[in-house]
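Peer 1: 3D, please:
(2 chains)
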Amino acid sequence: MKRTSRGRWLVGVLAALALVAAACGDDDDDTTGADTGTDATAAPATGGGTTAASTDAAGGGIAAGPCADTPAATELTTVKLQLDWTPNTNHTGFFVADALGCYAQAGIKLEILPYSGGNADEIVASGQADFGISFHNSISLAGPAGVPIVAVAAILQKTAEAIAVKADRDEIASPKDLDGLTYAGFGGPQEVPVLTAIIQADGGEGEFEVATLNTSAYEAVYNGDADFTIPFTLWEGIEATLNNEPVKYFEYSDYGLPNQYSVMLVTSQDNIAGKADLVKTFLAASQKGWDYAAANPQEAGQILLDANPSELTNVELVLQSAQAMADGGYLLGPGGHWGEIDPAVFSAYSQFLFEAGIISDADGNALDAAPDWTLYINNTLLPA
Amino acid sequence: MSLDHADRTTVLTSPASPPTPEMASRAGMKASGVRRALRHGVVEVLPPLVLFAALIAVWQIYVDTQNVRPTTLPSPSRVVEQGWRFHDTIWGHTKVTMKEVAIGFSFSVLFGTLVAIAIDFSGTVRRSLLPLLVASQTLPIVAIAPLMILWFGFGIEPKIYVVILVTFFPITVGWVEGFRGTEAEAMSLLRSMGANRWKVFRYVRFPSALPSFFLGFRIAITYSVVGAIFAEYVGAKKGLGIFMQTSKNSFRTDLVLAAVVVTAVVSITLFMLTFVAQRLLIPWWAASRKQLTAQPTSSSDGAPGILSQWWSSRTRTGE
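Peer 2: Below you'll find the predicted structure:
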């Protein structure tokens, strides 16, 4: 049983290697594409009509976006955005805003810093990047630990992950059945408290084995080495369906967990103090890109694909994910725009983490009293 | 390209080549009186200790005076303090890592020795295996380790394989070069006395290869701990690699560095133990060094020399 499934995975791995080889072959195209993009954004200094060119280069003849007709600024300020992972639909709006010329129009030249294993919060705090893609979980830990970062936009409005088990595990009917099984995780300090709370809310003990597997976590669950994991349902979840690996989910919210903003955009306290205007400008331009992605998910997904030809090879995955995010109400807040942060929502989930005992101060001592969570968010910099 | 006889003496010090002064000084130390040992200790141990203390002091002062955030760079005192506070946890992870190292390294020594003997006895085996061994050293572990999780699961198996992968080559080459460096006169003498091939191997080639083997052994052991930690990093339940990762995700840079300190201490301890093992297994090694020694010198145990030889061996073997 196990051997055959391993054999199957070997085949999968070989297929993946073939894909990698194919992707390598595309490298030249990729570089050319990037160059074109740079030229297009650098060009506005010489004259008008270049935003349309940049749209064509990245978007391939997409209908005019929110920023296409407006004249470009002449002086461009480089803004560095640190990604948290390889490009995916948690990043769509930034690529859209870039491709549609929203940044260029606002005088910004966007420089995307690819994920290289470093912690985006630390990279932003140390000034190596201006903005970073982070997570509600990470910000709640980083703030009290003395990392001077502030969340300035909620990239997703609600919990984007869920507990996943293989669909054919009939003996696992609800989270309490996970007691004694093996969890394939990612080394985040909140993972065990969250899962324990969910299992206990369902009447279980909350006792399970933990294996920290990172990117191999999903495969480990599919091939039976581990029993459950917490995928992003709109990425790994869709990927699993496309790969014919049906999984079933237990949603956090069904077991009493407060809603969380999942993915958030952070900047440093220094930037808010010293470059508030630039932060506001960047947020306004980004919001245009994300609002466009919410209204036109297929076009936005295509822009993301075109901007990352070698990283994103699964067209169907990207388009389905972009569509599901827009349809599922992940992108727009109650006010109808991307990025909105409700302090009450932010505090409620962070408070849960505090009560789980994983929030420590700068000296590594567990906090006695809950911090003022609003210190770590700023919702005043988005366009009113 | 291959480990041919012309490169022999430079690839790894063969027993026939002149003793290095570093080794001589160690041998001299044991045989001499307490006073000499003390003087030796001062000469050998003091300079690195002073340098180490100075570096730590600079680090501490820098962090204290520049107000560096502890999540970016914790002070050494904080690393020690917090490391001690979590010493139970760290020790629990260290035991797992050491078990992986012990099993992986034992397999490496066993298989490395058998393969080296096979290579020594058969030209065909040598010609077919050595290039593969060299090629094995060019595999980027970064790419292989995550795949090993898929192939072998996240238990102890893939860690053992990674440890074997990083330690097998120096051990095997240590033996192979040692065998080839055997003095021709000694072998002709034994043959003239009617010894068969096996007896020649057993009484001359094997013992005379031991010092060379220990060079490879020593190099390999310094890689083994880091190899195991790397394998844990891509997927495990427990171990220093996992501890470093979860500490990083909790913004506990001080605990990451505490685990780094533990890694260094374990590696250095294992490295030192190889000298003890060498003395116990081949007492004549120390004695012969002593005879050939003039004066103890101020250089240390020879790690840099060995490593640079190792490096030159890697570059020479066609990478």
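Peer 1: contact residues of chain A facing chain B?
Peer 2: A:6, A:9-10, A:13, A:119, A:121-122, A:125-126, A:138, A:141-142, A:145-148, A:187-189, A:209-216, A:219-220, A:223, A:225-226, A:358, A:360, A:362-364 (Cβ under 8 Å from any Cβ of the partner chain). In this view, the C-beta of every residue, glycine as well, is placed from N, C-alpha and C.
Peer 1: hmm, try it at 7 Å
Peer 2: Neighbours of chain B within chain A, by Cβ under 7 Å from any Cβ of the partner chain: A:6, A:9-10, A:13, A:119, A:122, A:126, A:141-142, A:145-147, A:187-189, A:209-216, A:219-220, A:225, A:362, A:364.
Peer 1: filter the residues you listed down to the buried ones.
Peer 2: Buried by 16 or more other Cβ atoms under 10 Å in any protein chain shown: A:6, A:9, A:119, A:122, A:126, A:141-142, A:145-147, A:187-189, A:210-214, A:216, A:219-220, A:225, A:364, out of the residues of chain A next to chain B.
Peer 1: alpha carbons only: can I get stretch B:107-124 in CSV?
Peer 2: Taking Å, rounded to 0.1, in the frame of the first residue of the first chain, the C-alpha atoms of stretch B:107-124 are listed here in CSV:
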residue,chain,number,x,y,z
PHE,B,107,26.9,3.6,8.5
SER,B,108,29.2,6.0,6.7
VAL,B,109,32.3,4.5,8.4
LEU,B,110,31.1,1.0,7.8
PHE,B,111,30.2,1.3,4.2
GLY,B,112,33.0,3.7,3.4
THR,B,113,35.5,1.2,4.8
LEU,B,114,34.0,-1.7,2.8
VAL,B,115,33.8,0.3,-0.4
ALA,B,116,37.4,1.5,0.1
ILE,B,117,38.6,-2.1,0.5
ALA,B,118,36.7,-3.1,-2.6
ILE,B,119,38.3,-0.2,-4.5
ASP,B,120,41.7,-1.2,-3.2
PHE,B,121,41.3,-4.8,-4.3
SER,B,122,39.8,-4.2,-7.7
GLY,B,123,40.7,-1.8,-10.4
THR,B,124,37.3,-2.2,-12.0
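Peer 1: where do the helices sit along the stretch 201-319 of chain B?
Peer 2: Under the criterion DSSP state H, counting those that start in this stretch, helices of the stretch 201-319 of chain B are mapped to B:206-234, B:240-249, B:253-281, B:283-292, B:303-316.
Peer 1: which of these sits closest to residue B:63?
Peer 2: Nearest to residue B:63 among those is helix B:253-281; the distance by Cβ to Cβ comes to 10.9 Å.
Peer 1: between the closest one and helix B:206-234, how big is the angle?
Peer 2: If you take axes from the mean of the first three to the mean of the last three Cα atoms, to 10 degrees, helix B:253-281 sits at 160 degrees to helix B:206-234.
Peer 1: got the angle between helix B:253-281 and helix B:240-249?
Peer 2: Going by the same axes, to 10 degrees, helix B:253-281 makes 160 degrees with helix B:240-249.
Peer 1: quick one: contacts for the residue in the stretch 51-200 of chain B positioned nearest to chain A?
Peer 2: Closest residue of the stretch 51-200 of chain B to chain A, Cβ to the nearest Cβ: residue B:149 (4.3 Å). By Cβ atoms under 7 Å, 6 or more residues apart in numbering or on different chains, the contact list for residue B:149 reads A:213, A:216, B:158, B:234, B:235.
Peer 1: for the first one, phi and psi?
Peer 2: The main-chain torsion angles of residue A:213 are listed as degrees, to the nearest 10 and equal phi -120, psi -10.
Peer 1: quick check: it touching residue A:219?
Peer 2: No: using Cβ atoms under 7 Å, residue A:213 is not in contact with residue A:219; the gap is 8.4 Å.
Peer 1: for the chain, which residues score under the pLDDT cut-off?
Peer 2: No chain specified, so I'll use chain A. A:1-64, A:68-73 (pLDDT under 70).
Peer 1: the intended chain is chain B.
Peer 2: Checking chain B against pLDDT under 70 turns up B:1-33, B:286-319.
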